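> What would the 3D arrangement of this be:
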Amino acid sequence: MPDRDEPNPMEEFFKQFGLQPGPDGNYDLNQLMGPLQQAMQQFSRQMDAMGSGDGSHGLNWTFVRDIARKVTAASGPDPSPTPGDASAVRDAVGLAELWLDQHTAFGRSAATAAAWSRAEWVEATMVTWQELAGGVSASLAEAISGVVQRPEPEFAGMAGFMEPLMRQAAAGMLAAQVGQGIGQLATDVVSVSDLGFPLTERPVVALLPANVAAFADGLDQPLEDVRLYLALRETARQRLFANVGWLGPQMLALIGKYARDITIDAAAFEEAIESQLSGGMTPEALQEFGSTVAGRLFQPSLTPDQVETLARLETLVAVVEGWVDDVVAQTTAGLLPRAEALLEVVRRRRASAGAADAALKTLLNLELTPRRVRDAANAWAALRSARGVEERDAVWAHPDLMPTAADLDDPLGFAERGSKPAPAGDDLDAALAALLEQEGTPGSDSGPDSDH
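Prediction:
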């Protein structure tokens, strides 16, 4: 409850309409109805001008997209890739495909090569983010009901009038926060699946030339070599996602399950909503507010289910990125000077809490730190050395064959045990179907990538 000696944000909000409490300190509900309805209609028109949400507490994804685009624009110039950029990416991907043919059992995917601006990355990944983050908005309902059922007597009976306005304001705030997270990611990723999981509806090997140049800045390496190295990593991931049918859906299922369990920090939410009520709820104000509260509206503590889901997801991302490390290390040996130095740069980037980590925290309250990528790379390398490339890649035939945390502790033991028979195809289909039904994965075949 607010300190009664301090100005009440709700009172300040009502003063905008010239409304004052009566002699008994309470408000006349009949007097309030007209101004509140007018405020709600005005705000609805402002938000509808940029696209509508998907329900009473759904997110306005047109607004999310608009915020994300503005964040990328504010981070610096974001020119559309030139024909020369597109040609350079196609050449790098073409060479990467040729080199990878010799070092993985997986055939080439149908993915096209593309050079994207940051804004194009936002547009191309938005459908997947909508599927992953859309469920978070359901957590608003409980938080909103807690705010509108205010204990102060002067606000008694007002829930029915205030709740619709609160819902729209809350959905706008959350949309602004989600847009901030997506925009921040766009400023950091160097390729479409740089986070470690697929993010597009259709396979594509896309690099972001502006972000690649920023990655290469200060490395004392030719930009062409850096571009080729990053193209190798992205092309290897896309081959993996294309050839391992269960992988992308399972990663998205885990992220979606984690996101659905997100809860709103009631105290932070009440403070935020009162600030908005007293300061105005225009789209411009919500955009500014999104950057102010980014990452603070979610409950900081995780549920036991979220902890377990996050551990599974981090292990899976580590196994994916470890496989990419091993494949690319073997592919570049003797062909790309100083490839080992570039791998160390990638590993340092993973270990540091960078822009992508902050963005995932803002977007999904997700602190994805696959600390065991190096251990996973060692396990894949041990299996390849002991049994060859074919047997290393055959492990991806079924999720039950994947290295566990115990295997990452004992790479040589994993190499000895790595040729376990895969379950029958029907069993795999049944197990994957059960997982998707249980965890409600998005319908796309792609998902985010996290290697930070």
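> In the helix or strand in which residue 406 is found, which residues are buried?
Using DSSP states H and E, residue 406 falls within helix 405-409. Within helix 405-409, the residues that qualify as buried are 407-408, counting by 16 or more other C-beta atoms under 10 Å. Heads up, the C-betas are built off the backbone N, CA and C, glycines and all.
> when you give positions from now on, start the count at 11
Shifting the count to begin at 11 puts that one at helix 415-419.
> Counting by contacts, list what it packs against.
For helix 415-419, the packing partners by 3 or more C-beta pairs under 8 Å, 6 or more residues apart in numbering; DSSP states H and E come out as helix 314-342, helix 383-397, helix 421-427.
> got the CA positions of that helix in PDB?
This file holds the C-alpha atoms of helix 415-419, laid out as PDB (Å, rounded to 0.1, in the frame of the first residue of the first chain):
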ATOM      1  CA  ALA A 415      26.100 -34.300 -18.100                       C
ATOM      2  CA  ALA A 416      27.900 -37.400 -16.900                       C
ATOM      3  CA  ASP A 417      29.200 -38.000 -20.400                       C
ATOM      4  CA  LEU A 418      30.500 -34.500 -20.600                       C
ATOM      5  CA  ASP A 419      32.500 -35.300 -17.400                       C
END
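> Give the other helices and strands that the host helix or strand of residue 357 contacts.
Applying DSSP H and E as the criterion places residue 357 in helix 349-361. Applying 3+ C-beta pairs under 8 Å, 6+ apart, we find helix 349-361 packed against helix 233-253, helix 314-342, helix 383-397.
> Nearest to residue 202, out of these?
helix 233-253 (6.9 Å; C-beta to C-beta).
> So which of the helices and strands packed on helix 415-419 is nearest residue 31?
The nearest among those, by C-beta to C-beta, is helix 314-342 at 43.0 Å.
> Any stretches of the stretch 111-260 of the chain with poor pLDDT?
The stretch 111-260 of the chain contains residues with pLDDT under 70 at 147-176, 179.
> What segments of it are strands?
For the stretch 111-260 of the chain, the strands defined by DSSP state E, counting those that start in this stretch occupy 122-125, 214-217.
> highest average neighbour count across those strands?
Highest mean neighbour count among these (mean count of other C-beta atoms under 10 Å): strand 214-217, with a mean of 26.
> what packs against it?
Strand 214-217 packs on helix 93-110, strand 122-125, helix 128-143, helix 233-253, going by 3+ C-beta pairs under 8 Å, 6+ apart.
> List the strands paired with the second one, with their directions.
Same thing as strand 122-125. strand 214-217 (parallel) (DSSP bridges).
> can you dump the C-alpha coordinates of the strand it pairs with into CSV?
Listed next in CSV are the C-alpha coordinates belonging to strand 214-217 (Å, rounded to 0.1, in the frame of the first residue of the first chain):
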residue,chain,number,x,y,z
VAL,A,214,18.5,-19.9,-44.2
VAL,A,215,22.2,-19.3,-43.7
ALA,A,216,22.1,-15.6,-43.0
LEU,A,217,24.9,-13.4,-41.8
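> Not counting it itself, show me its contacts.
Identification of contacts with strand 214-217 by C-beta atoms under 8 Å, 6 or more residues apart in numbering yields 99, 102-103, 121-126, 131, 134, 200-202, 210, 237, 240-241, 244-245, 248.
> filter these to the buried ones?
Buried by 16+ other C-beta under 10 Å: 99, 102-103, 121, 123-126, 131, 134, 200-202, 210, 237, 240-241, 244-245, 248, out of the contacts of strand 214-217.
> if we can go back for a sec, among the helices and strands packed on helix 349-361, which comes closest to residue 268?
helix 314-342 (4.7 Å).
> still on that earlier bit, now, of the helices and strands packed on helix 349-361, which is deepest in the fold?
helix 233-253 (a mean of 23).
> In terms of secondary structure, what does that helix contact?
Using 3+ C-beta pairs under 8 Å, 6+ apart, helix 233-253 sits against helix 93-110, strand 214-217, helix 219-226, helix 257-270, helix 314-342, helix 349-361.
> how much does that helix deviate in direction from helix 93-110?
60 degrees (axes from the mean of the first three to the mean of the last three C-alpha atoms, to 10 degrees).
> Include distance to residue 73 when you put the helices and strands packed on helix 233-253 into a markdown table, please.
As requested, the helices and strands packed on helix 233-253 are exported to a markdown table (distance: least, C-beta to C-beta, whole Å):
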| stretch | distance to residue 73 |
| --- | --- |
| helix 93-110 | 30 |
| strand 214-217 | 25 |
| helix 219-226 | 25 |
| helix 257-270 | 19 |
| helix 314-342 | 27 |
| helix 349-361 | 31 |
